[in-house]
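1. Predicted structure and sequence below. I'll ask about it afterward.
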Amino acid sequence: MKTSFEFFPPQSDEGKKNLQQVRSKLIQINPEYFSVTYGAGGTTQESTFDTVIDIKNNDTVRVAPHLTSIGSSKSKTKEILDQYKEHGIDKVVALRGDIPSGMQNTGELRYANELVEFIKSEYNDHFHIEVAAYPESHPQAKNISTEIEHFANKVRAGADGAITQYFYNADAYFRFVDDLEKIGIYIPITPGIMPITNYSNLVRFSNMCDTQIPKWITERLKLYKDDKDSLLDFGEEVVLNLCRTLKEKGVDSLHFYTMNRSDSVLSIIKKLN
Ligand code: FAD
């Protein structure tokens, strides 16, 4: 099974030290690449860049910065990508992002397909471009059919691959891939996997990105809310079973939202393989 791991850029010295340890553990399973998130509107511009370059200079693994277009300009976007190119970075995760509260200007590239088109027009095939996919639909999509059409626009603009929003229902993923194939879209769509390690954080994130947690799972997570060991065991069982189902049905690549932690991710991957 091919793997990739997503990190957020740490903001403190302690966070940086932690991430170095996490990276050194995850490197041992030979991942395809690490990716580093970006705060929409440029809120983590410097720390994302620093983390990406640190990985590039110190780890023997490919690294892909995330880049959002909302609230930015073409010239700013080009400035950032030029710097990455100069440092030998050749893969990006291209996103629209969500407009930060208080920011009025949506910028020159309003949707991710426009960002992909811009990257292609400026850099041809230098960057391998991953985009986001939403098997359960994006919260702002009018309906699943427009969501699929908007996703297809990103592929037509030049996206090479996609990473999905996390999900706990494998059917949503397979249905999404089938629907895309029906309209001739065949790029690799890597499931995004979110380990379950904390009840309230998971519920909060899932509400924000409109991911459904099946009731049978929430009921048990509620039960184990104050019993960390049981929650971790149950969470691992759920996510491992999801990964096994994906693998059995032919998925050969998984992208883990690590939240800058390695324990549960490593345990899942070891058991999966
Ligand atoms: P788009 O593909 O542009 O879609 C956004 C919405 O607009 C969708 O509802 C789509 O249907 C709709 N749409 C698209 N085109 C049109 C059109 N022409 N007319 C009308 N509607 C349209 N966020 C961050 O801030 N930083 C990150 O690092 C980050 N990393 C992520 C990584 C992954 C793998 C995923 C799945 C998400 C990530 N996000 C990140 C969250 C993402 O930025 C948000 O979900 C955002 O709301 C949408 O970004 P997008 O690139 O999917 O946008």
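-> In hand now; what should we look at?
2. Up against the ligand, what does this structure have?
-> 37-38, 40, 66, 68, 93, 95-98, 111-113, 132, 138, 140-141, 146-147, 150, 154, 163, 165, 192 (C-beta under 6 Å from any ligand atom). Using the backbone N, CA and C atoms, a C-beta is placed for each residue, glycine as well.
3. Could you say which helix or strand holds the nearest residue to residue 31 once chain neighbours are set aside?
-> If the residues on either side of it in the chain are set aside, residue 31 comes closest to residue 3, at 4.8 Å by C-beta to C-beta, 6 or more residues apart in numbering. Using DSSP states H and E, residue 3 maps to strand 2-7.
4. List the residues that contact the residue in the stretch 151-273 of the chain that the ligand sits nearest to.
-> When scored by C-beta to the nearest ligand atom, the stretch 151-273 of the chain has residue 163 as its residue closest to the ligand, at 3.8 Å. By C-beta atoms under 8 Å, 6 or more residues apart in numbering, the contact list for residue 163 reads 4, 93, 130-133, 189-190, 192, 255.
5. and with 7 Å instead?
-> By C-beta atoms under 7 Å, 6 or more residues apart in numbering, the contact list for residue 163 reads 93, 130, 132-133, 190, 192, 255.
6. ok, now residue 196?
-> Residue 196 neighbours (C-beta under 7 Å, 6+ apart): 202, 235, 238-239.
7. Any buried residues in stretch 223-231, and which?
-> 224, 231 (16 or more other C-beta atoms under 10 Å).
8. Now do it: everything it contacts.
-> 199, 221, 234.
9. now the end-to-end length of that stretch.
-> 8 Å (C-alpha to C-alpha, to the nearest Å).
10. And it, how far out from the chain middle?
-> Distance of stretch 223-231 from its chain centroid, counting by C-alpha atoms, centre = their mean, to the nearest Å, is 27 Å.
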